[in-house]
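Peer 1: could you work out the structure for the sequence below:
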Amino acid sequence: MVNNFKPTEKEALKLLARYAPDKHSYDAVLRHVKAVQKAALMIVKDVDNTKCDKHLIKVASLLHDIGRFDCPPNSGKDKIIQHGIVGSRILKKEGWPKTYQRVCETHIGIGIRKKDIIEQKLPLPLKDFVPRTFEEKIIAYADNLVDNDKIKDEKYVVERFRKEFGEEFARRVERFHEDINLLLAKKKKYSHGH
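Peer 2: Model prediction:
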């Protein structure tokens with residue numbers, strides 16, 4: 001595809017359907033990504049359009065879990081953790097812009113640091129997979145708020161991560177949420193950046 005390719009929602013859904021191995025998997029992933037899209041767009045609804053690429057959020061949120069088809073929830077932790085890079089490779093192969101590929105790579109949890117990969121011996125390339133842009137952060141945040149296809153609150157998310165990964169990670173999640181809320185406050189319509 002050409003460099004100025006601006007993907008649409010329809011193209012994202014077609015791509016998702018093309019990579020789904022069966023209707024059941026497609027429906028499960030579709031329900032989740034639609035809920036993440038809804039959450040992400042609700043989060044940025046009051047953000048000034050000049051301070052945020054809402055089109056990227058709308059379309060990329062639909063594809064953030066395209067790698068799930070190769071790494072389904074029942075495939076074991078080592079395989080599941082790879083769904084972000086698998087999704088990124090799919091989008092690269094399909095000629096989608098790097099901004100969309102990065103959403104796949106960086107949406108897991110609050111991002112995966114190189115340090116985490118080494119310490120936990122994760123089967124991932126040795127680099128940071130951490131959301132850097134506003135749009136990447138919003139999609140990662142929205143994905144955290146969505147449990148299957150239900151939108152939850154920050155408290156629920158922190159408790160879920162605390163149970164699964166312990167106190168230190170729960171504190172990192174709380175800091176991530178605080179950072180997101182500060183970013184949102186700065187980007188709101190009518191704010192003067194204060």
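
Peer 1: from here on, just use CA atoms for contacts and neighbour counts.
Peer 2: Fine.

Peer 1: residue 186 versus residue 6, what's the distance?
Peer 2: To residue 186, residue 6 is 27 Å away according to Cα to Cα, to the nearest Å.

Peer 1: between those two, tell me which one has more neighbours.
Peer 2: Shown here are residue 6 and residue 186; by other Cα atoms under 10 Å, residue 186 has more neighbours (17 against 13).

Peer 1: what pLDDT does that one get?
Peer 2: pLDDT, residue 186: 86.

Peer 1: Three-state assignment for it, please.
Peer 2: What DSSP: H, G, I helix; E, B strand; the rest coil gives for residue 186 is helix.

Peer 1: now the strands: where do they sit in this protein?
Peer 2: Ranges of strands within the chain are 146-147, 150-151, based on DSSP state E.

Peer 1: nearest to residue 71, out of these?
Peer 2: strand 146-147 (17.5 Å; Cα to Cα).

Peer 1: so how far is the closest one from its chain's centroid?
Peer 2: 12 Å (Cα atoms, centre = their mean, to the nearest Å).

Peer 1: ok, and what's touching that strand?
Peer 2: The contact list for strand 146-147, computed with Cα atoms under 8 Å, 6 or more residues apart in numbering, reads 32, 35, 36, 39, 152.

Peer 1: ok, and the most crowded of these?
Peer 2: Busiest of these [other Cα under 10 Å] is residue 36, holding 31 neighbours.

Peer 1: appreciated, that's everything.
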